[in-house]
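Asker: no sequence for this one, just the structure:
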């Protein structure tokens, strides 16, 4: 009986550790969402103070990544998890790496906003496409974190598919900005800042897609990277 009680205690403690891990990832995700939203707002309003706050807060995302990574290492060393629990730890390690990189991209956008503010440049109406791209990738990040929290494969697949739209919006915006530079060479410096911000947004979409793939791996045990998504959907959603 004592052995059973000890076993149950260990099992309960392990479940608590896994739930704590999940909560920390969602906390990091929520912080990253705030960073993206704030960076986009500071870019559109050319707000130097807001941009500086985003840059200063990036260390919080980095600190959380280190803490979660250390917790994963401890679990792997002490618990030696198997099957779905091992997949969870692996998915967490991969997810926090992408979340940290999303935080880095948000910081880049804030730096572009700061550059525009220092040059005393307003947000030209021809940059409006970046608002839509920003809203789209922010929604992708929100949706993929929700998919992670609920272990929702359907929602994860949708985020993976949504990245195609983000790529298309980025390409259209890039063509527009290049045309703008050709038409008015005096604006090349400011347009390049906006272009780099758009590139950062496109990369955020890529990282959200990656996390969607990790959710699918977590739930289904299938690595879908480099696979045709239509075939994957037939396989895992049928």
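Answerer: Yep, it's here. Keep in mind that this is a model prediction, so the values were computed, not measured.
Asker: Now do the helices in this structure.
Answerer: Using DSSP state H, the helices of the chain run over 2-44, 48-79, 83-118, 129-150, 153-183, 188-220, 229-236.
Asker: Tell me which other helices or strands the longest one touches.
Answerer: Translated: helix 2-44. Secondary-structure packing of helix 2-44 (3 or more Cβ pairs under 8 Å, 6 or more residues apart in numbering; DSSP states H and E): helix 48-79, helix 83-118, helix 129-150, helix 188-220. In this view, the C-beta of every residue, glycine as well, is placed from N, C-alpha and C.
Asker: State the mean pLDDT of the second one.
Answerer: Right, helix 83-118. Averaged over helix 83-118, pLDDT sits at 95.
Asker: list the helices and strands that helix packs on?
Answerer: Judged by 3+ Cβ pairs under 8 Å, 6+ apart, helix 83-118 is in contact with helix 2-44, helix 48-79, helix 188-220.
Asker: let's see it at 10 Å
Answerer: With contacts defined as 3 or more Cβ pairs under 10 Å, 6 or more residues apart in numbering; DSSP states H and E, the packing partners of helix 83-118 are helix 2-44, helix 48-79, helix 129-150, helix 188-220.
Asker: Could you tell me the angle between the helix-or-strand element of the chain with minimal mean pLDDT and helix 188-220?
Answerer: Sorting the helices and strands of the chain by mean pLDDT, DSSP states H and E puts helix 229-236 at the bottom, at a mean of 71. Counting by axes from the mean of the first three to the mean of the last three Cα atoms, to 10 degrees, helix 229-236 lies at 20 degrees to helix 188-220.
Asker: ok, the closest residue to residue 24 other than its chain neighbours - contacts?
Answerer: If the residues on either side of it in the chain are set aside, residue 24 comes closest to residue 68, at 5.0 Å by Cβ to Cβ, 6 or more residues apart in numbering. Contacts for residue 68 (Cβ atoms under 10 Å, 6 or more residues apart in numbering) come out as 20-21, 24-25, 27-28, 92-93, 95-96, 99-100.
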